[in-house]
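Colleague: below are the sequence and a predicted model for it; my questions follow.
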Amino acid sequence: MISIYDGKIQGAVFDMDGLMIDTEKLYLKYWKQAAKEFGYDMQDEHVFAIRSLARKYSIPKLKSFFGEDFPTEKVRSRRTELINAHVEKYGIDVKKGLFQLLDYLQSNGILCAVATATPRDRTELYLDKIGARNYFSAVICGDMITNGKPDPDIYLTAAKELSLPPESCAAFEDSPNGITAAYRAGCKVIMIPDQTQPDDELKKIITRVYSSLDQAIDFFWGGV
């Protein structure tokens with residue numbers, strides 16, 4: 001049964017890469033390296049354009065950058081191999097303030113979910129590696145839904161799994177595509193910038209911006 005929304009934030013939905021874990025820098029590095037191995041000069045702006053973007057959107061975008069012959073799946077597969085090797089060797093860095101915020105939410109009865117474009121197997125692996133899996137009542141991944149970010153479906157599904165209306169949920173994001181998805185779902189959007197800062201258009205749909213996750217505890221003290 002869906003809870004009646006009384007204006008209070010009852011749930012928190014988290015993106016993963018670049019928000020909870022410091023992996024966007026790995027995507028940036030290894031997208032470019034993988035593309036180079038296939039003979040393509042991928043730049044930072046190309047990687048930024050597809051952050052958190054569903055595959056059905058990222059594939060045509062990459063082809064618009066590099067041509068119809070760009071081997072998106074081969075490059076993506078190689079990128080994943082490179083990231084997996086890095087994580088296996090060096091582990092995963094957790095973003096500042098993650099566990100302070102999660103502990104606060106847990107102790108105050110605020111339900112938490114994950115909404116990430118990353119596939120389920122890698123999401124579960126990463127959450128287990130950093131010891132965060134048990135904080136989340138639901139984990140919704142890109143390969144579990146038809147329409148990924150920037151469509152709202154992943155946030156709508158996460159809210160439904162928490163038995164909460166989306167407007168009673170705070171959505172934590174670092175990327176424009178993720179922020180757009182959360183906003184379209186009706187969540188209160190909190191941005192923790194990672195690779196890029198919000199532009200003027202993005203600021204119009206963001207409820208709050210904080211430099212680290214622990215600072216976002218203030219949002220739950222002060223409300224919207």
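Modeller: Right, received. Where do you want to start?

Colleague: residue ranges for the strands of the chain, please.
Modeller: 11-14, 111-116, 138-141, 169-173, 188-191, 208-209 (DSSP state E).

Colleague: turn these into JSON lines, columns for mean pLDDT, mean neighbour count and distance to residue 159.
Modeller: No exception for glycine: its C-beta is placed from N, CA and C like everyone else's. What follows is the strands of the chain, written out as JSON lines (pLDDT from 0 to 100; neighbours: other CB atoms under 10 Å; distance: least, CB to CB, whole Å):
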{"stretch": "strand 11-14", "mean pLDDT": "98", "mean neighbour count": "27", "distance to residue 159": "7"}
{"stretch": "strand 111-116", "mean pLDDT": "98", "mean neighbour count": "27", "distance to residue 159": "8"}
{"stretch": "strand 138-141", "mean pLDDT": "98", "mean neighbour count": "20", "distance to residue 159": "9"}
{"stretch": "strand 169-173", "mean pLDDT": "97", "mean neighbour count": "27", "distance to residue 159": "5"}
{"stretch": "strand 188-191", "mean pLDDT": "97", "mean neighbour count": "23", "distance to residue 159": "12"}
{"stretch": "strand 208-209", "mean pLDDT": "96", "mean neighbour count": "16", "distance to residue 159": "19"}
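
Colleague: would JSON lines of those with distance to residue 103 be doable?
Modeller: Listed next are the strands of the chain as JSON lines, based on distance: least, CB to CB, whole Å:
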{"stretch": "strand 11-14", "distance to residue 103": "12"}
{"stretch": "strand 111-116", "distance to residue 103": "11"}
{"stretch": "strand 138-141", "distance to residue 103": "19"}
{"stretch": "strand 169-173", "distance to residue 103": "15"}
{"stretch": "strand 188-191", "distance to residue 103": "17"}
{"stretch": "strand 208-209", "distance to residue 103": "20"}
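
Colleague: and this protein, what are its domains?
Modeller: Partitioning the chain according to automatic domain parsing yields domains covering residues 11-22+94-222, 24-90.
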